[in-house]
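[1] give me a model of this one.
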Amino acid sequence: MDSGNADFLRTVIEHTPEHIFVINRKAIITVAPKQANKHLQKTSILSLIGPAHVERFRTAISDALQSDRPVNCDVKGTFGSGKTGWFSCRISPITDDGKTDTALVFASDITERRIAALATVGRERQKNRSEQDRLRAVENILTMCAQTHKVRVQGEWMTIEAFLWKRYGFKISHGLCPEAATELLKTLVTETPCR
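    Residues are numbered from 1 along each chain as shown. Modelled structure (predicted):
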């Protein structure tokens, strides 16, 4: 790259708010943004990328330089500010004298957008869980015989006691609720003759 182009490129990069780097084939930063010039030049851009994303970013650099076309890649990293965040990176190869040995990396902070997207995904998951719970409730509606009080489960009629035991492992003990006891007492009193 001749010095006129390099100076122009350096001027553009130093006056933009974006995180822009010029890197060589070895991923070494040759030109860095103004606020990060002193400590980032001549270091590997891979040192700014989170460990889980280094290989993906290295592959994106290689793809861009080999195909001579821009490649996009979202990574977690610490560009410029020192804070870890999500960045959408566009790696654009620079061809000079027929050779593609350098690339321009544009890193846009997308942390807030990513957080909003994750929140939306979380809300969608919660909505889907609620919907699944409602569907399960509808699926678990049982048909009960009005006469025998047996329930129909998968085509089989069984007592409520048998159903609860089979499905949930509940054993049922029998007793009388206060209303049933009162009704039974009335029936016994009216049907039993006094002597």
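
[2] tell me the mean pLDDT over stretch 76-86?
    Averaging pLDDT along stretch 76-86 yields 79.

[3] any idea which helix or strand of this protein has the worst average confidence?
    Least confident helix or strand, the chain: helix 37-40 with a mean of 68, by mean pLDDT, DSSP states H and E.

[4] how about the helices in this structure?
    3-14, 37-40, 54-67, 111-139, 160-168, 178-191 (DSSP state H).

[5] quick one: average pLDDT of the longest one?
    Helix 111-139 shows a mean pLDDT of 85 in the predicted model.

[6] domain assignment for the chain?
    The chain breaks down by automatic domain parsing into domains covering 3-109, 112-141, 142-195.

[7] format the ones you listed as JSON lines; extra columns: mean neighbour count.
    Just so you know, the C-beta spots here come from the backbone N, C-alpha and C atoms, and that holds for glycine as well. Formatted as JSON lines, the domains of the chain follow (neighbours: other Cβ atoms under 10 Å):
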{"stretch": "domain 3-109", "mean neighbour count": "16"}
{"stretch": "domain 112-141", "mean neighbour count": "10"}
{"stretch": "domain 142-195", "mean neighbour count": "10"}
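
[8] closest to the centroid, which residue in the protein?
    Residue closest to the mean C-alpha point of the chain, counted by Cα atoms, centre = their mean, is L118 at 5.4 Å.
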